[in-house]
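Trainee: kindly generate the corresponding structure for this input.
(one chain, ligands or ions: 1)
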Amino acid sequence: SYKVGIIGSGVAGLASAIRLAIAGHHVEVFEANAYPGGKLSEIKLGAYRFDAGPSLLTLPSLIDELFELAGENPAQYFTYQKLEINCEYFFPDGVNISAHADQEKLIEEIIQNTAERPENVRKALTKSQLLYEHLSELFMFSSLQDPKTFVSRHAFKAYRKLHRLGFFQTMNGANASTFDDPRITQMFNRYATYNGSSPYKTPATMNIIPHLEMSLGAYFPAGGMHSITLALYSLAKRLGVIFHFNQPVERILIEKGHVKGLMTGGLSLDFDRLVSNMDIVNSYRKLMPDLKAPKFLLNQPKSSSALIFYWGIGKKFSQLDLHNILFSRDYKAEFEHIFQRGAIFNDPTVYINITSRYQPSDAPEHGENWFTMINVPNNQSQNWEELITEARKNILDKITATLGEDIAPLIEVEEILDPRTIESKTSSAQGALYGNSSNNLFAAFLRHANKSRRVKGLYFCGGSVHPGGGIPMSLSSAKLVAKYFR
Ligand code: FAD
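Mentor: Modelled structure (predicted):
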């Protein structure tokens, strides 16, 4: 067994710690913050509680798997319910669509409210399933650095269907030709934002994402998303993992091409192997400044970031659910602003997540906890103060137009998270939510591997390396790292 140091306690750092402890290694986690979870943390403002970052849980079985691996019953530590309404969509023309998880109900809702034909929606859902069946093993759960991946059963299954898997079209191109009604195209285009990309650039292969939510399901964990962090953190501790909080790692120590240990608080500590859960760009830049970095991989364009207003709202709105989207009138212009201009469109798509609808203790009796978010460019040193002031006004106007009520006077508490603070709180390069963007066909192959080619005994996990951002992919990265320890 090895003495393993893990740098960072994001969801992938926690999952790596759990897997390696189960495998019998001595594991110590070093975390810069005073708390575990990284982006998957929470904030409390008076009587209101908010999940700080992720709000949508898909593939919860990947979390259960960690408890099962440890010989525990997951339901004893981590419970969740499947949503019946995946999202409430509000279009600028006043149309509201409740996205039922039940597909027949969803189709009924769509044809009642729009000009869409039911067979087109069925076709899109079937296509998404086809993509998932042919590509998920390959791109989500396998190592692309292992040549065996490309001669596997999964790979050959994909090669046979290559022409149908959407590599040669954009997501919007595919959706606009599938649907008659532009509102349904917009609904399906939104899935590009699940990995911080633009539907006008990302390949149609990304139409794999709706299957995750619309067929496999969206879930709400009891206690909110932060309960994932709490559950994994306590599991890791039961397995003997040692945590050091407020302990930023300053250097990865390397001797003759081999990991020797790490430096924290000016002290050198010996480790046989290290797993960095720190963003890959900063892992090289800050922890290994003397090592030749794979510049081409690190310089790939980053995903979008977010501007979030955590608002305690002193009123209840029955037309809203857990996930709510208030769509922009011009989606194309919105993404052009984010990815081409590094700016924020004046009519942004507003996402409101209200966990108190499922977890009443998250807000006082008379109110609701609104996590109000828009997609914004990653941090390129824009004038954020100005952008935030302007965006706050545009967001409030949009909400007023949609709900028919000015909510500004109802805001009882407020905190703001922007690309700069996402960067400073989690070390995410440019405050990107999902590492590299998937705005080109080759993005999947241009993420850094989970194992270092240059340094023996050094591994990488988390949303900025293979297979990519988001909780399921981050958990998958931890599994791929653990495989190397066999
Ligand atoms: P991170 O969460 O990035 O954490 C890294 C940790 O490492 C941090 O705790 C940091 O302090 C620590 N660290 C860094 N450097 C050092 C160092 N040198 N020494 C010690 N510690 C260090 N995903 C979804 O699946 N669904 C969603 O709905 C969703 N929405 C999102 C919304 C927002 C606003 C954000 C920010 C993200 C969202 N994501 C979502 C993405 C998801 O949060 C991330 O992909 C995932 O949490 C990344 O986990 P990670 O393991 O890479 O680590």
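Trainee: ends of stretch 290-309, what's the gap?
Mentor: 39 Å (Cα to Cα, to the nearest Å).
Trainee: ok now it, how far from the chain's centre?
Mentor: Counting by Cα atoms, centre = their mean, to the nearest Å, stretch 290-309 is centred 15 Å from the centre of its parent chain.
Trainee: now do stretch 254-269
Mentor: Counting by Cα atoms, centre = their mean, stretch 254-269 comes out at 31 Å from the chain centroid.
Trainee: repeat that for stretch 424-437.
Mentor: The answer for stretch 424-437 is 11 Å, by Cα atoms, centre = their mean.
Trainee: in it, which residues are buried?
Mentor: Within stretch 424-437, the residues that count as buried by 16 or more other Cβ atoms under 10 Å are 425-437. C-beta here means a position set from N, CA and C on the backbone, and glycine is covered the same way.
Trainee: and the helices in the stretch 351-486 of the chain?
Mentor: Secondary structure of the stretch 351-486 of the chain by DSSP state H, counting those that start in this stretch: the helices cover 384-403, 419-426, 471-484.
Trainee: export only the CA atoms of the helix or strand bottoming out on mean pLDDT in the chain, formatted as PDB.
Mentor: Counting by mean pLDDT, DSSP states H and E, the weakest-scoring helix or strand in the chain turns out to be helix 153-160, with a mean of 72. Only the C-alpha atoms of helix 153-160 are listed here, as PDB (Å, rounded to 0.1, in the frame of the first residue of the first chain):
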ATOM      1  CA  ARG A 153     -16.400  -3.400 -27.700                       C
ATOM      2  CA  HIS A 154     -17.800   0.100 -26.900                       C
ATOM      3  CA  ALA A 155     -15.600   1.700 -29.500                       C
ATOM      4  CA  PHE A 156     -16.600  -0.600 -32.300                       C
ATOM      5  CA  LYS A 157     -20.200  -0.100 -31.400                       C
ATOM      6  CA  ALA A 158     -19.700   3.600 -31.800                       C
ATOM      7  CA  TYR A 159     -17.600   3.300 -35.000                       C
ATOM      8  CA  ARG A 160     -20.500   1.500 -36.700                       C
END
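Trainee: and the helices of the stretch 351-486 of the chain, which is most packed in?
Mentor: Greatest average neighbour count among those goes to helix 471-484 (a mean of 24), per mean count of other Cβ atoms under 10 Å.
Trainee: can you list contacts of that one?
Mentor: Identification of contacts with helix 471-484 by Cβ atoms under 8 Å, 6 or more residues apart in numbering yields 10-13, 15-16, 18-20, 23, 40, 54, 57-59, 62-63, 66, 140-143, 212, 228, 275, 450-451, 459-463, 465-467.
Trainee: for residue 163, give me the pLDDT.
Mentor: pLDDT, residue 163: 68.
Trainee: near the ligand, which residues of the stretch 301-450 of the chain are found?
Mentor: 306, 308, 422, 426-428, 433-434 (Cβ under 6 Å from any ligand atom).
Trainee: please indicate which of the contacts of helix 471-484 are buried?
Mentor: By neighbour count, with 16+ other Cβ under 10 Å, the contacts of helix 471-484 hold 10-13, 15-16, 18-20, 40, 54, 57-59, 62-63, 66, 140-143, 212, 228, 275, 450-451, 459-463, 465-467 as buried.
Trainee: so which of those residues are in helices?
Mentor: Per DSSP state H, helices hold the following members of the buried ones among the contacts of helix 471-484: 11-13, 15-16, 18-20, 62-63, 66, 140, 228.
Trainee: residue 222: which of those residues is nearest?
Mentor: Residue 222 lies nearest to residue 228 out of these, by Cβ to Cβ, at 10.8 Å.
Trainee: point out where the stretch 101-250 of the chain drops to low pLDDT.
Mentor: The model of the stretch 101-250 of the chain has pLDDT under 70 over residues 155, 159, 162-163, 165-166.
Trainee: contacting residues around the residue of it found nearest the ligand?
Mentor: Closest to the ligand within the stretch 101-250 of the chain is residue 249: 3.8 Å, counting by Cβ to the nearest ligand atom. Contacts for residue 249 (Cβ under 8 Å, 6+ apart) come out as 5, 7, 30, 32, 262-264, 278, 287.
Trainee: tell me where the stretch 101-250 of the chain has strands.
Mentor: Assigned by DSSP state E, counting those that start in this stretch, the strands in the stretch 101-250 of the chain fall at 219-221, 242-244, 249-255.
Trainee: swap that for the stretch 251-400 of the chain, please
Mentor: Under DSSP E, counting those that start in this stretch, the stretch 251-400 of the chain gives strands at 258-264, 267-270, 273-276, 305-313, 323-326, 350-353, 368-376.
Trainee: most tightly surrounded among those?
Mentor: Greatest average neighbour count among the strands of the stretch 251-400 of the chain goes to strand 273-276 (a mean of 27), per mean count of other Cβ under 10 Å.
Trainee: distance between that one and the chain's centre?
Mentor: On Cα atoms, centre = their mean, the centre of strand 273-276 falls 22 Å from the chain's centre.
Trainee: before we move on, the earlier item: among the strands of the stretch 101-250 of the chain, which comes closest to residue 352?
Mentor: Closest to residue 352 of the strands of the stretch 101-250 of the chain is strand 219-221 (Cβ to Cβ; 15.0 Å).
Trainee: quick one: list the elements packing against the closest one.
Mentor: strand 80-82 (3 or more Cβ pairs under 8 Å, 6 or more residues apart in numbering; DSSP states H and E).
Trainee: next, format the strands of the stretch 101-250 of the chain as a markdown table and append distance to residue 111.
Mentor: Below are these laid out as a markdown table (distance: least, Cβ to Cβ, whole Å):
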| stretch | distance to residue 111 |
| --- | --- |
| strand 219-221 | 27 |
| strand 242-244 | 52 |
| strand 249-255 | 55 |
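Trainee: going by neighbour count, which residues of stretch 237-247 are buried?
Mentor: 239, 241, 243-244, 247.
Trainee: what's it in contact with?
Mentor: With Cβ under 8 Å, 6+ apart, stretch 237-247 has contacts from 9, 17-18, 21-22, 26-36, 70, 233, 236, 264-265.
Trainee: ok, now with 7 Å
Mentor: 9, 17-18, 21-22, 27-31, 33-35, 70, 264-265 (Cβ atoms under 7 Å, 6 or more residues apart in numbering).
Trainee: report the entries of the ones in helices among the buried ones among the contacts of helix 471-484 that also contact the ligand.
Mentor: Within those, those near the ligand by Cβ under 6 Å from any ligand atom are 11-13.
Trainee: return the residues of the stretch 1-150 of the chain in contact with the ligand.
Mentor: Neighbours of the ligand within the stretch 1-150 of the chain, by Cβ under 6 Å from any ligand atom: 7-13, 30-33, 38-40, 53-56.
Trainee: which of these fall in strands?
Mentor: Judged by DSSP state E, the subset of these located in strands is 7, 30.
Trainee: check contacts around the residue lying closest to residue 252 once chain neighbours are set aside.
Mentor: Leaving out its chain neighbours, the residue that sits closest to residue 252 by Cβ to Cβ, 6 or more residues apart in numbering is residue 287, at 4.5 Å. By Cβ under 7 Å, 6+ apart, residue 287 lies in contact with 249, 251-252, 276, 278.
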